[in-house]
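Q: just need the structure, nothing else, for what follows:
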Amino acid sequence: MKKLLALSTASLLILLAAPLTFAQNPANSSKDSDGFKEITPIEEEIKQLKFRLDILYEMVTEHRKRLPNQVDLTPSTENFTVLNTGVGQIIASFKSIKPHASGAEFSIGVINIASVPLTDVEFDAEVFPTNGKWEERREAQMLSKQKGITLPVGKEVKVTFRVPEIKPESFKSFTLQAFVGGISYKK
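A: Residues are numbered from 1 along each chain as shown. Below is the predicted model:
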């Protein structure tokens, strides 16, 4: 998602950096006492900018469809889902949830189904309470001694998160994203 955002921002800057040409009306230039010349078809320029933004939006949307790097999971289902990372695919499934302090601690099982180990993998999870209001979502903290973990090929790894202020009975769903730092050719 971070790479997609960077790509989108770069594309937007390129599109907006394209030179804008404004026509000047020579008939009005002598009437201007302040020395400013009237800028004419600004509406046309705005239409072109809107057109460029629409194209950029379509490009980003298509890119996100090809690389769905975010999945939704619920504590009530035991199904698994496939998470695309751009480097390889990871199978994710909900495992357990328990109370912790003012919130909850939950675990997911992840399996790397790529042909090589994935290194420096980080997961982001956002938990939604039962009422499902977007404003009330909470970011979960991944519990790990290091910033990223290594996912070997074909072996399930348990990843645990803590989320404040949302009790286990209030979980509706959570979104999960994975960011892969690299790959390893060592077995």
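
Q: make it CA atoms for all contacts and neighbour counts henceforth
A: Will do.

Q: tally up the residues packed near Asn79, please.
A: Asn79 sits with 12 neighbouring residues when counted by other CA atoms under 10 Å.

Q: surely it touches Ser93?
A: Yes - shown here, Asn79 and Ser93 form a contact pair, counting by CA atoms under 8 Å, at 6.2 Å.

Q: what ranges does this protein have for its helices?
A: Under the criterion DSSP state H, the chain contains helices at 2-17, 26-29, 42-66.

Q: distance of the closest residue to Pro117 other than its chain neighbours relative to Ser115?
A: Sequence neighbours aside, Pro152 is the residue nearest to Pro117 in space, at 4.5 Å (criterion: CA to CA, 6 or more residues apart in numbering). Separation of Pro152 from Ser115 (CA to CA, to the nearest Å) stands at 9 Å.

Q: what of Thr74?
A: Separation of Thr74 from Ser115 (CA to CA) stands at 28 Å.

Q: with neighbour numbers in mind, choose between the two.
A: For the pair Thr74 and Ser115, the greater number of neighbours falls to Thr74 (16 against 13), based on other CA under 10 Å.

Q: just checking, that one touches Leu176?
A: No - taking contacts as CA under 8 Å, Thr74 lies outside contact range of Leu176: 10.7 Å.

Q: just to revisit the earlier point, wait, the residue nearest to Pro117 sits on Asp120?
A: No - with contacts counted by CA under 8 Å, Pro152 stays clear of Asp120, the gap being 11.4 Å.

Q: neighbour count for the two, which is higher?
A: Using other CA under 10 Å as the criterion, Pro152 and Asp120 rank with Pro152 on top: 21 against 15.
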